[in-house]
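> Got a predicted structure plus its sequence, pasted below:
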Amino acid sequence: MKTLGYAALSATSPLAPFAFERRALRPNDVAMEILYCGVCHSDLHTSRNDWGWTSFPNVPGHEIVGRVIEVGGEVTQHAVGDIVAVGCLVDSCQHCDQCHGGEEQYCRNGRTDTYNSPDRISGEITKGGYSKHIVVREEFVLSVPPGLDPARTGPLLCAGITTYSPLRTWNVGPGSRVGVIGLGGLGHMAVKLAAAMGAHVTVLSRSTDKQADALALGADSLLASSDKRAMAAAQASFDLIIDTVPVKHDLNPYLPLLDINGTLVIVGQVGPLAEPHTAHLILGRRSIAGSLIGGIAQTQELLDFCARKNIHPDCEMIRMDQVHEAFERMEKADVRYRFVIDMASLQA
Ligand SMILES: [Zn+2]
Ligand SMILES: [Zn+2]
């Protein structure tokens, strides 16, 4: 199938229109016309080869919403015309303990990412959602429930599941005391989701500048990390802190905020941290953890949860040719809170 995308041809060339072929349908494949695709920080880092593992040409995008246009002969879960979604994963081994447990993101034999990842059968490098069409095996295609607006569903597939999964892993519910560090694409979803679960939510921010934004998203309060008195008063008052900060930072100011047995879970930054002081951990049996996106079943659970609770990410719709500007604004944290590309704007 011929299609059109937007690709980076090298780490230094800007994304530009790029014609390529999607694979012919295998019996368990679903082909979709992409309607919308969210813009994630990973798209920018991969296009610029910031992590050193990019294969070019690179077509990014893993917050995909589309309409099914064709299905393989063995497909039972999706039909032509369905509104569906694809997130960060398009395949895994399907037989290891992690895949059986619905945690395909931790597949023992290596997950297949939606872009920049070798296909398990052909070895061809996967290409993502900055394109008109995609072909994905049916187990990795999600259903978008009628209660969700397709134009604002994309960011749930990466930013949403990245924050929903730890909230579920650490059993957040009514009365849980949850802190969220950072109020970007991930942080704003963490606030909305934790609040919808009935938690008492506090945004942790450098200053009180974002107080009105935090409250508008559903947080109960904002704690300014620069306010030494407020930070001291808040010691031992959180069950879970979701840390969405994307750059190297110091956890030591935050660890004493955890109650005994509390956990700080890192979902933003991949890389070295400033040294944490173990006294904070030992003296309160506190933990530092990490978490990567979420499995397919849990991602469907998230979509159903958001439809039921009428939760949508805050999105700014852009044209495909505005993606460079979007990358630049993302680097300055100048977006509330996620860019979504209207794929109808991508023309030959
Ligand atoms: Zn992402
Ligand atoms: Zn597996």
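Now that the structure is in, tell me what you want to look at. Ligands and ions are numbered 1, 2, ... in the order given.
> Which residues are in contact with the residue of the stretch 151-300 of the chain at minimum distance from ligand 1?
Nearest to ligand 1, among the residues of the stretch 151-300 of the chain, is Cys158, at 3.2 Å (Cβ to the ion). C-beta coordinates here come from the backbone N, C-alpha and C atoms, glycine included. By Cβ atoms under 8 Å, 6 or more residues apart in numbering, the contact set of Cys158 is Gly38, Cys40, Ser42, His62, Glu63, Gly87, Cys88, Ile293.
> can you tell me which two in those are farthest apart?
Largest separation among the contacts of Cys158 by Cβ to Cβ: Gly38 and Ile293, giving 13.4 Å.
> Which one's more surrounded, these two?
A count of neighbours by other Cβ atoms under 10 Å puts Gly38 above the other of Gly38 and Ile293, at 28 against 25.
> who's that one bridged to?
Judged by DSSP bridges, the bridge partners of Gly38 are Val340.
> Out of the contacts of Cys158, which sit inside helices?
Residues of these located in helices (DSSP state H): Ser42.
> Near ligand 1, which residues of the protein? Just list them.
Cys40, Ser42, Cys158 (Cβ under 5 Å from the ion).
> separation between the first one and His324?
If I follow you right, that is Cys40. Applying Cβ to Cβ, to the nearest Å, the value for Cys40 to His324 is 15 Å.
> and what of the last one?
When Cβ to Cβ is applied, the distance between Cys158 and His324 equals 20 Å.
> what do you get for Ala297?
36 Å.
> SS state for the residue sitting furthest away from the middle of the chain?
No residue in the chain sits farther from the centre than Arg229, which is 34.0 Å out by Cα atoms, centre = their mean. The three-state label given to Arg229 by DSSP: H, G, I helix; E, B strand; the rest coil is helix.
> Can you give me every residue that contacts it?
Listed by Cβ under 8 Å, 6+ apart, the contact set of Arg229 is empty.
> now swap in Ala274 and tell me
Residues counted as contacts of Ala274 (Cβ under 8 Å, 6+ apart) are Lys248, His249, Asp250, Leu251, Asn252.
> Show me which of the residues you listed are buried.
If you count burial by 16 or more other Cβ atoms under 10 Å, the buried members of the contacts of Ala274 come out as His249, Leu251.
> what's the farthest-apart pair in the contacts of Ala274?
Pairwise over the contacts of Ala274, using Cβ to Cβ, the maximum falls at Lys248 and Asn252, 13.2 Å.
> where does this structure dip in pLDDT?
Within the chain, not a single segment meets pLDDT under 70.
> what's the helix or strand for the residue lying closest to Arg308 once chain neighbours are set aside?
In space, and not counting its chain neighbours, Arg308 is closest to Gly147: 6.8 Å by Cβ to Cβ, 6 or more residues apart in numbering. Of the helices and strands defined by DSSP states H and E, none includes Gly147.
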